[in-house]
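# sequence and predicted structure are below.
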Amino acid sequence: MRLLVIFSLLCLSACTSLPSGIEPVKSFELPRYLGTWYEIARLDHSFERGLSQVTAEYQMREDGGVKVTNRGFSEKEQVFDSAEGKAYFVDGDDIGHLKVSFFGPFYGAYVIYELDQDNYQYAFITSYNRDYLWFLSRTPTVSDALKQKFSEQAKQLGFATDEIIWVKQ
């Protein structure tokens, strides 16, 4: 039983760690990051499969964390679906590395590795491994040049860029 507890703790901490070779942004300012973001692109995963018009909204929580509300339109069911979670900084409030939970005590890494630090207009995010990738923007559409920057940088970092889904907004 003791080994099971230790193994579980190791697995849970690994899920909030940084992926090898990817560093979170420094000089991060949470107040500037709060608000609504549009999902421009992502790698497929079960909890967003079939969703379009996806947004993420970040608001302060009373406990100093961040309330996360993800919303998307299910093409299959023809309804909007949403999920609410919470996020907290892992290494300090000026580093773009948070842990986020939508399911009780289980947290996953939220690593902002590229950010328009002048205006906070776009962000590239991953998790603890390269199976997760998001491109968020303050606007529902972005330039082709910014899409190309995202794709090229993701490829250089070892993401499966041939599997990127460009989200219909």
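Sure thing, it's come through.
# all contacts plus neighbour counts: C-alpha atoms, from now on.
Fine.
# where does the chain dip in pLDDT?
1-14 (pLDDT under 70).
# for it, just list every one of the strands.
35-43, 51-60, 66-74, 79-89, 97-103, 106-115, 122-126, 133-137, 164-166 (DSSP state E).
# can I get the ones you listed in JSON lines with distance to residue 146 and mean neighbour count?
Listed next are those as JSON lines, based on distance: least, C-alpha to C-alpha, whole Å; neighbours: other C-alpha atoms under 10 Å:
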{"stretch": "strand 35-43", "distance to residue 146": "11", "mean neighbour count": "21"}
{"stretch": "strand 51-60", "distance to residue 146": "18", "mean neighbour count": "19"}
{"stretch": "strand 66-74", "distance to residue 146": "23", "mean neighbour count": "20"}
{"stretch": "strand 79-89", "distance to residue 146": "27", "mean neighbour count": "16"}
{"stretch": "strand 97-103", "distance to residue 146": "23", "mean neighbour count": "21"}
{"stretch": "strand 106-115", "distance to residue 146": "12", "mean neighbour count": "22"}
{"stretch": "strand 122-126", "distance to residue 146": "9", "mean neighbour count": "22"}
{"stretch": "strand 133-137", "distance to residue 146": "10", "mean neighbour count": "23"}
{"stretch": "strand 164-166", "distance to residue 146": "13", "mean neighbour count": "15"}
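# mind putting the ones you listed into CSV with distance to residue 154?
Putting the strands of the chain into CSV (distance: least, C-alpha to C-alpha, whole Å) gives the following:
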stretch, distance to residue 154
strand 35-43, 11
strand 51-60, 20
strand 66-74, 23
strand 79-89, 24
strand 97-103, 18
strand 106-115, 10
strand 122-126, 9
strand 133-137, 8
strand 164-166, 10
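# wait, which of the ones you listed is closest to residue 151?
strand 164-166 (8.5 Å; C-alpha to C-alpha).
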